[in-house]
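K.L.:
return a 3D structure for these sequence lines:
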Amino acid sequence: MIKLNESVNEAIEPSGIMAKINKIVQDKQAAKISGVLVDKFSAGIMMQIFNAVNDKAKKDMNKGNIRQVQVILHKVMKQNKVKESVKEAKFSNDQIEILRKSYGTLKTMNPSSPTYKKFIKFLEKLPKNQLKQLAAAKIKWVSMLAKNRLR
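P.N.:
A predicted model of the protein is given here:
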């Protein structure tokens, strides 16, 4: 009888902090982790990174806290390892609806307010495809401001 050498390659599953981040992706719902609000988009990128790294890095990410995972996320993004997937990312229908409901009730918008300035900075960081998506979404104020960024 010939014995086969079977190597069991156990996949490192998300646990600890990464399980919480994975839940955000699965539930398609932002959540607070250790007092830090993590949105679905960031959680998705973190899970892409988790799935792409070696087993040692996965174990480290599972053991880390939210701040450590954020540092890893920023380092990887600076290295442009997820640049293409970020450029291709789109707003979900749920995110568009949240924007529509939030901005649909505003009667005026004050360009000198800190909130307006913060929102403009947010728009300026978005890739062109996401700006086009917002421009086409017919969201009060948001679509107009997104169109202005596309000019």
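
K.L.:
so which elements touch the helix or strand that contains residue 145?
P.N.:
Under the criterion of DSSP states H and E, residue 145 resides in helix 142-150. Packing contacts for helix 142-150, counted by 3 or more Cβ pairs under 8 Å, 6 or more residues apart in numbering; DSSP states H and E, involve helix 114-125, helix 128-136. The way it works is simple: take the backbone N, C-alpha and C, and place the C-beta from them, glycine included.

K.L.:
do that again at 6 Å, thanks
P.N.:
If you count contacts as 3 or more Cβ pairs under 6 Å, 6 or more residues apart in numbering; DSSP states H and E, helix 142-150 packs onto helix 128-136.

K.L.:
now do the helix it packs on against helix 114-125, angle only.
P.N.:
Between helix 128-136 and helix 114-125, the angle comes out at 130 degrees (axes from the mean of the first three to the mean of the last three Cα atoms, to 10 degrees).

K.L.:
and helix 128-136, how far out from the chain's middle?
P.N.:
Distance of helix 128-136 from its chain centroid, counting by Cα atoms, centre = their mean, to the nearest Å, is 17 Å.

K.L.:
re earlier: now the angle from the helix holding residue 145 to helix 114-125?
P.N.:
If you take the same axes, to 10 degrees, helix 142-150 sits at 50 degrees to helix 114-125.
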